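Colleague: The sequence and its predicted three-dimensional model are supplied below.
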Amino acid sequence: MNEVKKLVGEALSEIISSAKSGGPKVKVGLMASGSELGAEELARGARIAVAQHGNVIPIMIGPKISGYDDLKWMETPECDADIAETLSAALKDGSIQGAVALHFPFPLGVTTIGRVLTPGRGTEMIIASTTGTSATQRGEAMLRNTIYGIATAKALGNDSPTLGILNVDTAQPVFRALQRMKERGYNVNFGESVRKDGGALLRGNDILAGAVDVCVTDTLTGNVLMKMFSSFTSGGSYETVGWGYGPSCGEGWGHIVSIISRASGAPVIANALAYTAKVISGRLCEKVTAEISAAKKAGLEEEIAALAPKAASTEEEAKSPPVEPTDEEIHGIDVLEIENAVKCLWKAGIYAESAMGCTGPVVKLSKKHEGKAHELLKQNGYI
């Protein structure tokens, strides 16, 4: 009877402790070496995480630092290879449930989903993605980044995140692919630009204002955005705000490893640990699997195939019809497709020119051809 009381007491104590700390305790490994700001910056970040986020148990992995005996350690020699090997082994054997690392050898198909504090309105926004490579082709990568960004938002507790696509190369074809998937049942909730013309394609104003919950972009652009958002007050030498470059996502990938920079300061390191713990508790890997399954049912594979670069055409080069005044513009064509869109109209006897408007590339043409041109461009997949 006393043993039963003891077990019940321990269980109640654990429940109360979990409630006070904001959720179940989560063990998150942290590389304890490699920062340009010194090893103590990493340890300070872990200490802040313990103080501010009671559900996080940082496990320092690396050579032990004097004065930080209050933290838990997996000691290794001062060697990047030993630290990486110990971290990987701890993930595999379950000693830690996730990790925050300054570098990690992700396989092709795995990318990280960052999180920033937008300066315009002080709101949080997910950047999908920031490191790694979700696919070798840009269109497929951005489409997959969308899925992983939505899954990450759901793991954070947002079941219907608003989504926008940064207006970079291939944004328009990816947006059209998502629209078709939505028509087939994929639950994507498009957000709106803060600019007068609205729409789900985002400009610089939108990411500063945090117009959406999830901003989709290519990884290299996302990486630049992360660095600018996190360190614009320090001139780039010290990342002061944000949650780091985020947890890893990929089809069939079963680990949660978040990335920070060698310039990430203690506040960002603490937030990265908390971000990692939260998506672990939110079952991120399961959310990714479910999101991919839903996307595939709505035609993901077909859209990926459609986004693949087309082989060079062997058709005779289109010739320009006689020049006409161009008093009308057609928007919504990707910059990588704009010249082919113009030639599509030339083949139909419609004079057109490519130009760059304030919202991106446009096709200029005579207003009298606008209706037919819209129909042709839509039939050929340009709008």
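Modeller: Perfect, thanks for sending it. Keep in mind the model is a prediction, meaning the values are calculated, not measured.
Colleague: low-scoring pLDDT stretches of this protein, where are they?
Modeller: 1-23, 310-316, 335-336, 356-360 (pLDDT under 70).
Colleague: residues contacting the closest residue to Pro77 other than its chain neighbours?
Modeller: Excluding the flanking residues, the one nearest Pro77 by C-beta to C-beta, 6 or more residues apart in numbering is Pro63, at 6.6 Å. C-beta here means a position set from N, CA and C on the backbone, and glycine is covered the same way. Listed by C-beta atoms under 8 Å, 6 or more residues apart in numbering, the contact set of Pro63 reads Ala32, Ser33, Ala39, Glu75, Thr76, Pro77, Glu78.
Colleague: residue contacts, the residue lying closest to the fourth one once chain neighbours are set aside?
Modeller: In space, not counting the residues next to it along the chain, Glu75 is nearest to Lys64; the distance is 5.1 Å by C-beta to C-beta, 6+ apart. Neighbouring residues of Lys64 by C-beta under 8 Å, 6+ apart: Ala32, Trp73, Glu75.
Colleague: Repeat that for Thr136.
Modeller: Leu108.
Colleague: would it count as being in a strand?
Modeller: No. Thr136 sits outside any strand when classified using DSSP: H, G, I helix; E, B strand; the rest coil, being coil.
Colleague: I'd like the numbering to begin with 583 instead of 1 from here.
Modeller: In the new count, where the first residue is 583, that last one comes out as Thr718.
Colleague: That one and Ile729: what is the separation?
Modeller: Separation of Thr718 from Ile729 (C-beta to C-beta, to the nearest Å) stands at 17 Å.
Colleague: Now the residue nearest to Pro659, what are its backbone angles?
Modeller: phi -70, psi 130 (degrees, to the nearest 10).
Colleague: again, but for Leu748
Modeller: phi -60, psi 140.
Colleague: if I look at it, how far off is Ala671?
Modeller: From Leu748 over to Ala671 (counting by C-beta to C-beta), the distance is 38 Å.
Colleague: Which one of these two is surrounded by more residues?
Modeller: Leu748 (22 against 13; other C-beta atoms under 10 Å).
Colleague: Without its sequence neighbours, what residue ends up closest to that one?
Modeller: Thr799 (4.1 Å).
Colleague: Can you give me the neighbour number for that neighbour?
Modeller: 28.
Colleague: surely it meets Asn727?
Modeller: Yes. Thr799 is within contact range of Asn727, at 7.3 Å (criterion: C-beta atoms under 8 Å).
Colleague: ok, now which ones touch Ala614?
Modeller: Taking C-beta under 8 Å, 6+ apart, one finds Ala621, Leu624, Ala625, Met642, Ile643, Gly644, Pro645, Lys646, Ile647, Trp655, Ile665 in contact with Ala614.
Colleague: Which of those sits closest to Gly953?
Modeller: Leu624 (61.7 Å; C-beta to C-beta).
Colleague: Secondary structure element holding the closest one?
Modeller: Leu624 belongs to helix 621-634 when assigned by DSSP states H and E.
Colleague: Around Leu958, how many other residues sit close by?
Modeller: 18.
Colleague: and the gap between it and Ser902?
Modeller: From Leu958 to Ser902 the distance is 16 Å (C-beta to C-beta).
Colleague: next one: Trp825
Modeller: Trp825 is 51 Å from Ser902, where distance means C-beta to C-beta.
Colleague: Give me the more crowded residue out of these two.
Modeller: Just comparing Trp825 and Ser902: by other C-beta under 10 Å the higher neighbour count belongs to Trp825, 27 against 12.
Colleague: State the phi and psi torsions of that one.
Modeller: According to degrees, to the nearest 10, Trp825 has phi -120, psi 10.
Colleague: So it sits against Arg697, correct?
Modeller: Yes. If you go by C-beta under 8 Å, Trp825 and Arg697 touch, sitting 4.0 Å apart.
Colleague: Mutual contacts of those two, please.
Modeller: The contact lists of Trp825 and Arg697 share Tyr857, where a contact means C-beta under 8 Å, 6+ apart.
Colleague: Tell me which of the contacts of Lys646 fall in helices.
Modeller: Among the contacts of Lys646, none falls in helices (DSSP state H).
Colleague: want to throw those residues into TSV with distance to Glu873?
Modeller: Supplementary listing: the contacts of Lys646 in TSV, determined by distance: C-beta to C-beta, whole Å:
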residue	distance to Glu873
Ala614	33
Trp655	36
Glu657	38
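Colleague: Name the nearest of those residues relative to Ser840.
Modeller: Distances from Ser840 to the contacts of Lys646, taken by C-beta to C-beta, are shortest for Ala614, at 15.1 Å.
Colleague: re earlier: residues in contact with the helix or strand following the helix holding Leu624?
Modeller: Sequence order places strand 638-644 as the next helix or strand after helix 621-634, per DSSP H and E. Strand 638-644 has contacts (C-beta under 8 Å, 6+ apart) with 607-615, 621, 624-625, 628, 631-632, 650, 653-658, 660, 665, 668-669, 672, 677-678, 681, 855-856, 859.
Colleague: which of the residues you listed count as buried?
Modeller: 608-615, 621, 624-625, 628, 631-632, 650, 653, 655-656, 658, 665, 668-669, 672, 678, 681, 855-856, 859 (16 or more other C-beta atoms under 10 Å).
Colleague: tell me what the lengthiest strand in the chain is packed against?
Modeller: As assigned by DSSP state E, the longest strand anywhere in the chain is strand 706-714. Counting contacts by 3 or more C-beta pairs under 8 Å, 6 or more residues apart in numbering; DSSP states H and E, strand 706-714 is packed against strand 693-699, helix 720-737, strand 796-798, helix 801-813, strand 828-831.
Colleague: Parallel or antiparallel, list what pairs with the third one.
Modeller: To tie it back to what came earlier, the one meant is strand 796-798. strand 706-714 (parallel), strand 744-748 (parallel) (DSSP bridges).
Colleague: among those strands, which is nearest Ile965?
Modeller: Judging the strands paired with strand 796-798 by C-beta to C-beta, what sits closest to Ile965 is strand 744-748, at 15.2 Å.
Colleague: Please consider this matter closed, and thank you.
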